[in-house]
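In: Have a look at this prediction, sequence included:
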Amino acid sequence: MSYPVRTIGATRFEIIVADITRLSVDAIVNAANSSLLGGGGVDGAIHRAAGPDLVMECRMLHGCKTGEAKITKGYRLPARHVIHTVGPVWQSGDRGEPDLLASCYRRSIELCHTHLLDSVAFPAISTGIFRFPADRAASIAVTTSIEAISEETSLAQIVFCCFSEQSAELHDQALSEAMVSR
Ligand code: AR6
């Protein structure tokens, strides 16, 4: 299944179903944990594909708080950089989880601006092991990313790299709704 590309300002928003470790973009985003030293899910896949130099660089970053983001090189990945962000663990939904998830997207896009990156791909942060409801997460991912691109953005391409058609459909629906309400 393919999903329509939407352009907002100078930025193309794309939704794909793929393994994020295979993408040749300027940066892929890692749904990490606060140690930044690797884990399961997409984090494990990224570390395996990047090779051991990635964890060596991560050790020098001394962790990352929930909602924040840090950048490293991509090593053996086709992506030039990895932006490591730490999503919230879903508890009850009233522990600030939505704001913390929005902050992951905002901070990651800020790093793209700082490093003059053209393209970035996001996984559906927090929706796996951290159990954030996938529909709410897709809506936060899309609306926050649209808000975060500024007039003078360097970002020509934002990819929502989903791991299932169901996740891609949720992002597509959220993007359609965001386009209508603009
Ligand atoms: N490419 C794209 N998306 C993927 C891939 C992949 N290769 N693998 C999984 N996903 P998760 P979280 C999707 O659990 O919920 C780790 O142990 C997956 O289907 O990777 O933020 C960290 O160290 C889901 O939609 O991340 C943390 O401890 C999404 O990526 C914790 O898990 C996020 O699932 C973070 O949990």
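Out: That came through, no problem.

In: The longest helix seen in the chain packs against which elements?
Out: Of all segments of type helix in the chain, defined using DSSP state H, the longest is helix 97-114. In this structure, helix 97-114 packs against strand 27-32, strand 69-73, strand 81-86, strand 119-122, helix 134-148, with contacts taken as 3 or more C-beta pairs under 8 Å, 6 or more residues apart in numbering; DSSP states H and E. All C-beta atoms are positioned from the backbone trio N, CA, C, and that covers glycine.

In: what comes into contact with that helix?
Out: 26-27, 29, 66-71, 83, 85-91, 117, 120, 122, 125-126, 132, 136-137, 140-141, 144-145, 147-150, 153-155, 158 (C-beta atoms under 8 Å, 6 or more residues apart in numbering).

In: how about 7 Å then?
Out: For helix 97-114, the external contacting residues (C-beta atoms under 7 Å, 6 or more residues apart in numbering) are 27, 29, 66-69, 71, 83, 85, 87-88, 90-91, 120, 122, 125-126, 132, 136-137, 140-141, 144-145, 148-149, 153-155.

In: Next: stretch 49-67.
Out: Among residues not part of stretch 49-67, those counted as contacts by C-beta under 7 Å, 6+ apart are 21, 32, 34-38, 47, 70, 72-77, 82, 84, 86, 88, 100, 103-104, 107.

In: ditto for stretch 78-85
Out: Stretch 78-85 is touched from outside by 22-32, 36, 46, 50, 54, 58, 64, 68-74, 104, 107-108, 111, 117, 125, with contacts defined as C-beta under 7 Å, 6+ apart.

In: interface residues of the protein facing the ligand?
Out: Residues of the chain lying near the ligand by C-beta under 6 Å from any ligand atom: 19-21, 31-33, 39-43, 45, 87, 123-130, 161, 163, 167.

In: how about 8 Å then?
Out: Taking C-beta under 8 Å from any ligand atom as the contact definition, the chain meets the ligand at 18-21, 31-33, 35, 38-46, 86-87, 89, 123-132, 134, 161-164, 167.

In: For the residue nearest to the spatial centre of the chain, which non-adjacent residue is spatially closest?
Out: When C-alpha atoms, centre = their mean is applied to the chain, the residue found nearest the centroid is residue 122 (2.7 Å). Distances taken as C-beta to C-beta, 6 or more residues apart in numbering put residue 29 closest to residue 122, at 4.7 Å, once the chain neighbours are dropped.
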